[in-house]
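S.K.: Sequence and computational prediction follow.
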Amino acid sequence: MQQGKRQFGVISPRDWGLAPATPQALAAWARVGLDGGGWEERARQATYHWLMSNWRDEVGAFAGHYKAIPRVYEDPQLTNLIAPWQCLAAYDRYGDETLLNKAQRAADWLYAHAVETHPMSVVMGGVHDAWRPDELWTKFTAELVLLNLGLYARTQATAYRNRATEGGGFIVQAERHGFACKYELREGRWIVRGWQSFGRAFAALVSLHEATGDEHWLTHAIAWADYALTLQAPDGSFYLIDDEYYNTDLAADELRALIEAYELTGRAEFRSAAERFADWHLQTQQANGSWLLTSDRAGNVVSPYVGPGDIPNIAVALLRCHRVTGERQYLLSALRAMRYALAQQLTPADDTPFAQDPNALWGYWSWDPRYDHTMSGDQITHFARGIWFTLDYIGALDADEAQGAIAALVEAGFAF
């Protein structure tokens with residue numbers, strides 16, 4: 001496989017050293033119905049049509065959820081942590097400076113409206129929860145770090161590196177206080193119970209290490225990975241919400257963190273943990289390629305819904321597992337997940353009234369079944385990134401590896 005130098009970013013295939021796949025590189029995949037040009041068009045429309053319809057130029061940020069039944073948008077909120085990633089990934093692909101500019105403005109809006117910036121604050125750099133502003137979340141702060149470092153990598157503007165460093169400081173403080181998932185301002189205390197998202201903290205700290213060359217950040221990243229090993233359940237999964245519930249929203253980052261911790265350290269326990277978690281996903285993947293949103297430690301289904309945006313995000317993590325281990329089953333599972341993801345985008349071919357709504361067209365549903373018929377920028381960002389990572393990854397496979405995977409899919413009766 002053409003991997004280039006080892007890289008650990010999560011925003012764009014470029015962060016993995018992957019170039020955009022050529023039609024020639026994807027030609028063999030037509031045997032299983034993969035239409036590279038069609039996938040590219042889906043991602044382009046998801047970016048230029050749907051995501052841009054959410055842009056609020058007077059504010060400099062993306063709107064929150066689009067509610068397709070009443071045809072209204074929420075005001076800008078923490079969607080702006082993730083939606084700009086799509087702009088950055090698309091900028092890498094198309095070279096469109098207007099997309100880079102929108103990502104910068106969204107990051108600026110976030111810093112002004114959602115980040116604790118007062119010099120006297122012991123939790124400077126933390127991100128306030130939109131629904132409970134008194135809480136600053138480690139998970140959101142890690143996403144902010146990744147956004148700002150993504151901008152720094154593409155602009156070399158030190159303001160973004162400095163903001164990422166502030167956020168990294170918050171994550172270090174969370175580590176010092178039991179790997180806390182949030183800080184409660186009113187009570188002045190760190191909270192361990194909640195969304196124990198070690199994966200995003202790890203990714204943020206590794207990215208800080210790559211951006212600065214400072215081993216300090218890598219030391220803290222590995223501390224979060226070591227903490228992860230204490231959380232893995234006997235069945236191989238992670239139950240990170242209140243130490244009780246698996247949720248697909250957290251799964252992708254956690255799986256990537258474990259396999260990347262192995263890449264960075266060579267420690268077998270990280271690879272073993274990653275493979276056990278990946279194998280748990282293989283065992284629980286539904287026939288349509290998705291995973292149910294939430295289950296508990298006893299294996300009970302807590303929510304019979306799927307969070308469609310989580311599925312391509314997990315697929316990208318499985319691609320990383322395949323890249324490191326060479327185990328074909330992870331690649332095949334990722335492709336099954338992407339087949340499901342394609343079905344969740346609203347296209348002109350959909351036989352539904354929503355296809356007549358220009359604000360919904362080319363958007364990506366938040367729930368399956370539809371529940372409240374909402375769409376959001378963070379969900380479609382995972383979808384578009386899933387397309388680009390998958391195309392560029394399989395396009396970089398050597399011929400024997402690609403043909404073996406295609407043959408396995410044909411034998412299984414799989415087609416897109």
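M.R.: That came through fine. Numbers count the residues shown, from 1 in each chain.

S.K.: Let me know the secondary structure of Gln286.
M.R.: Using DSSP: H, G, I helix; E, B strand; the rest coil, the structure places Gln286 in coil.

S.K.: residues in contact with it?
M.R.: Contacts for Gln286 (C-beta atoms under 8 Å, 6 or more residues apart in numbering) come out as Leu292. To be clear about C-beta, it is placed using only N, CA and C from the backbone, and glycine gets the same treatment.

S.K.: roughly how far apart are it and Val301?
M.R.: Relative to Val301, Gln286 is positioned 11 Å away (criterion: C-beta to C-beta, to the nearest Å).

S.K.: any residues in contact with both of those two?
M.R.: Between them, Gln286 and Val301 have Leu292 as joint contacts when contacts are counted by C-beta under 8 Å, 6+ apart.

S.K.: Now find how far off-centre whichever strand or helix holds Cys321 is within its chain.
M.R.: Cys321 is located in helix 310-325, with elements delineated by DSSP states H and E. Computed by C-alpha atoms, centre = their mean, to the nearest Å, the chain-centroid distance of helix 310-325 equals 11 Å.

S.K.: Show me what it packs onto, helices and strands only.
M.R.: Counting by 3 or more C-beta pairs under 8 Å, 6 or more residues apart in numbering; DSSP states H and E, the packing neighbours recorded for helix 310-325 are helix 248-265, helix 268-284, helix 328-342, helix 377-395.

S.K.: okay, those helices, which one's buried deepest?
M.R.: Per-residue neighbour counts averaged over each of the helices and strands packed on helix 310-325 give the maximum for helix 377-395, namely a mean of 26 (mean count of other C-beta atoms under 10 Å).

S.K.: Can you give the contact residues for the very next helix or strand once past that helix?
M.R.: Later in the chain than helix 377-395, the nearest helix or strand by DSSP H and E is helix 399-411. Contacts made with helix 399-411 from outside it, assessed by C-beta under 8 Å, 6+ apart, are listed as 1, 28-29, 31-32, 328, 331-332, 335, 394, 397, 415.

S.K.: which one in those is the model shakiest on?
M.R.: Among the contacts of helix 399-411, Met1 carries the lowest pLDDT, at 30.

S.K.: Can I get the contacts of helix 399-411 in TSV including distance to Asp75?
M.R.: Supplementary listing: the contacts of helix 399-411 in TSV, determined by distance: C-beta to C-beta, whole Å:
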residue	distance to Asp75
Met1	44
Ala28	47
Trp29	42
Arg31	47
Val32	43
Arg328	46
Leu331	40
Leu332	42
Leu335	37
Ile394	39
Leu397	43
Ala415	42
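
S.K.: Which secondary structure element is home to Pro234?
M.R.: Secondary-structure element containing Pro234, defined by DSSP H and E: none, the residue being outside all helices and strands.

S.K.: Run a quick neighbour tally on it.
M.R.: The burial metric for Pro234, expressed as a neighbour count using other C-beta atoms under 10 Å, is 7.

S.K.: May I have the secondary structure class of Arg14?
M.R.: When the structure is reduced to helix, strand and coil (three-state DSSP), Arg14 reads as helix.

S.K.: my guess is it meets Asp92, correct?
M.R.: Yes: taking contacts as C-beta atoms under 8 Å, Arg14 lies within contact range of Asp92: 4.5 Å.

S.K.: Report the separation between Ala415 and Gly289.
M.R.: For Ala415 relative to Gly289 (C-beta to C-beta), the value is 12 Å.

S.K.: swap that for Asp96, sorry
M.R.: Distance, Asp96 to Gly289, by C-beta to C-beta: 31 Å.

S.K.: Settle it for me: which of the two has more neighbours?
M.R.: The residue with the greater number of neighbours, taking Asp96 and Gly289 and applying other C-beta under 10 Å, is Gly289; the counts read 21 against 15.

S.K.: While we're on that one, how confident is the model there?
M.R.: Reading off the confidence values, Gly289 has pLDDT 98.

S.K.: Let's verify it: helix, strand, or coil?
M.R.: Assigned with three-state DSSP, Gly289 falls in the coil class.

S.K.: ok and the helix holding Cys321 relative to helix 399-411, angle-wise?
M.R.: 130 degrees (axes from the mean of the first three to the mean of the last three C-alpha atoms, to 10 degrees).

S.K.: How about the most centrally placed residue in the chain: what's its closest non-neighbour residue?
M.R.: Residue closest to the mean C-alpha point of the chain, counted by C-alpha atoms, centre = their mean, is Asn313 at 4.9 Å. The shortest distance from Asn313 to any residue that is not its chain neighbour, by C-beta to C-beta, 6 or more residues apart in numbering, is 3.9 Å, and that residue is Ala252.
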